[in-house]
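> The following comprises the amino acid sequence and a computationally predicted model.
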Amino acid sequence: MAKRAENGRKNDPQRTRDDILVVATEEFATHGLAGGRVDAIAERTRTSKRMIYYYFESKEGLYLAVLERSYRKIRTLEEDLKLSSIEPEAALRTLISTTFEHDEANPDFVRLVSIENIHHAAHMLRSEAIRDLNVSVIETIAGILERGYSAGVFRRKADPIDVHMLISAFCFFRVSNRYTFGTIFRRDLSEAETMQRHKGMIADAVVAYLKDPN
């Protein structure tokens, strides 16, 4: 017979850990590390602070696990696209579309990254996992570029990290600055037609840059 946790539920360590991470993501994205409350996370997950510290050792450990999970999510999404089997320009457009849609659907990710930037990536510096996770997207872009050069589709030599930054910057800004930008210019960036136009705009801009030899 399955053991039961303190709250009376069947003891499923992986599910408990995953539940804690989901709720902690919302808590830290809303309040940051300093303002996020482990008590609130424990209450919402029907567990205890003791259990949270058992899994993550400390509040900072939980916060770092949240960051790692957030990056792992998008990197796994990219790997599942199997872009190496797609023609270079189409592969790049697919990657851009996926990044765009991920950021739109995961504003907590954008807020977490923004908060970590405020702290000069102090906590992220402790995580080799995050550095290792993000190698994959650069390798993916490098592969797309090399195939594009070989096929004569792309003509401008570009640093894969620069291309990644260009894609990320546009997609990230739309979410991170949605309210300030929308207030200043009276424009709803979440409106479907605007989103489709912007998604096409960033893809066209990146592809045009790579096709231009100058």
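Cool, got the structure.

> Pull up the distance across stretch 76-87, start to finish.
Counting by CA to CA, to the nearest Å, you get 21 Å between the two ends of stretch 76-87.

> Flag every buried residue along it.
Glu78, Leu83, Ile86 (16 or more other CB atoms under 10 Å). Yep, even glycine has a C-beta here, placed from its N, CA and C like the rest.

> Could you give the separation of it from the chain centroid?
16 Å (CA atoms, centre = their mean, to the nearest Å).

> Next: stretch 108-117.
Taking CA atoms, centre = their mean, one finds stretch 108-117 lying 9 Å from the centre of the chain it belongs to.

> And the contacts of that stretch?
25-26, 28-30, 32-33, 66-67, 70, 73-74, 102-103, 122-124, 172, 175-176 (CB atoms under 8 Å, 6 or more residues apart in numbering).

> In helices only, show me those residues.
Taking DSSP state H as the definition of helices, the contacts of stretch 108-117 contribute 25-26, 28-30, 32-33, 66-67, 70, 73-74, 102-103, 172, 175-176.

> In ChimeraX, select just the buried ones from those residues.
In ChimeraX syntax, the buried subset of the ones in helices among the contacts of stretch 108-117 is picked out as below (16+ other CB under 10 Å):
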select :25,26,28,29,32,33,66,67,70,74,102,103,172,175,176
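
> Which parts of the host helix or strand of Thr183 count as buried, going by neighbours?
Following DSSP states H and E, the helix or strand that holds Thr183 is helix 178-185. For helix 178-185, burial by neighbour count (16+ other CB under 10 Å) applies to Arg178.

> Now do that helix: which elements does it pack against?
If you count contacts as 3 or more CB pairs under 8 Å, 6 or more residues apart in numbering; DSSP states H and E, helix 178-185 packs onto no helix or strand.

> Centre of the chain to it, how far?
22 Å.
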